[in-house]
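K.L.:
Structure for the following, please:
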Amino acid sequence: MAERDQPDAAHEPGTGVLAFFGRQLKLLRVAAGLERPEFGSMTGYSASTIAAFEQGRRIPPGKFIDQADELLRAGGVLKAGKDEVARAQYPAFFRDAARLEAEAVELCAYDTLLINGLLQTEEYTRALLTERRPLLDEATIEQRVAARQARQDIFNRWPAPLLSFVMEEHVVARGLGGRAVRRGQLEQLLLIGQKRNVELQIMPTDREDNAGVDGPFTVITRQNSDQIGYLEVQGRSTLVSDREESRALAARSGIIRAQALTPRESLAFIEKLLGEV
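P.N.:
Below is the predicted model:
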């Protein structure tokens, strides 16, 4: 899932959920008689970072929220908002997909434009967001980079979900961000592609048969065996929950995987590209 980061006023820094959480945090800190530098040293953050949390300009990580709740004796008030704060990391159109992604027992993605967000290096993501028009401010870029990196916890889950990624050849050939960024991204693909629960495949440009001509999509399978499709274009997304439609997407994904290079061939292809960078 690419998650292309369109703006969302209700959850941008300084507004909505983040601003409300920040006000609660400040009220509890003041009630506890703690100055920002003192509270910051107790939690391992600078006074300026605590100020950014309180002003809703930066999204506090879950670990900090748990810690603050205990230190400020909030009785679970701060922890109660942790899920909503975490969801605020993502653009509005991606939040439901992020939740489903975190619950997936199987995920099959086909990408035609960009490296999938679950596979992106920090540098690749930052280069991608820097190119976005209209321009994103630096705070939003860093927020989105951190959020995308957090999604990659899916590779550390157990039981390990089955993950399949097929991408068009030109996606890995593109030099987005320059030589160093591209090299780092290719190295990451090789590392992730060697995981036992991951199948990474390349669809060669010269393939005469390609069932993916309708564009990129993702199919997510949940614990109850429900399959949900995810489609995204220009900051607009669609979750496909209709059983027949999602089954058709799953079938198409299977055909695409059969048409692409095998995982072993794909890793050899990426290794060859890496040697040419």
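K.L.:
Contact partners for R87?
P.N.:
H11, V17, R95, A98, R99 (Cβ atoms under 8 Å, 6 or more residues apart in numbering). All C-beta atoms are positioned from the backbone trio N, CA, C, and that covers glycine.
K.L.:
Other residues contacting whatever helix or strand the second one lives in?
P.N.:
V17 is part of helix 16-31, with elements assigned from DSSP states H and E. Identification of contacts with helix 16-31 by Cβ under 8 Å, 6+ apart yields 9-12, 36, 39, 50, 53-57, 59-60, 68, 72, 74, 77-78, 81, 84-85, 87-88.
K.L.:
Please list only the buried members of those residues.
P.N.:
11-12, 36, 39, 50, 53-57, 59-60, 68, 72, 74, 78, 81, 85, 87-88 (16 or more other Cβ atoms under 10 Å).
K.L.:
Name the residues of stretch 173-190 that come out as buried.
P.N.:
So for stretch 173-190, counting by 16+ other Cβ under 10 Å, buried means L176, G177, V181, R182, R183, G184, Q185, L186, Q188, L189, L190.
K.L.:
what does stretch 115-134 give?
P.N.:
Quick answer for stretch 115-134 (16+ other Cβ under 10 Å): 115-121, 123-129.
K.L.:
any idea how far A260 is from G40?
P.N.:
50 Å (Cβ to Cβ, to the nearest Å).
K.L.:
Who has more neighbours out of the two?
P.N.:
Taking neighbours as other Cβ atoms under 10 Å, G40 and A260 compare with A260 leading, 24 against 19.
K.L.:
Next up, the contacts around the more buried one.
P.N.:
By Cβ under 8 Å, 6+ apart, the contact list for A260 reads V166, Q201, I202, M203, P204, R207, S266.
K.L.:
Got the phi and psi for the fourth one?
P.N.:
In this entry, M203 is assigned phi and psi values of phi -100, psi 110 (degrees, to the nearest 10).
K.L.:
that older thread, sort out which one of the buried residues of stretch 173-190 lies nearest L273 for me.
P.N.:
Proximity of the buried residues of stretch 173-190 to L273 (Cβ to Cβ) peaks at L186, which lies at 5.9 Å.
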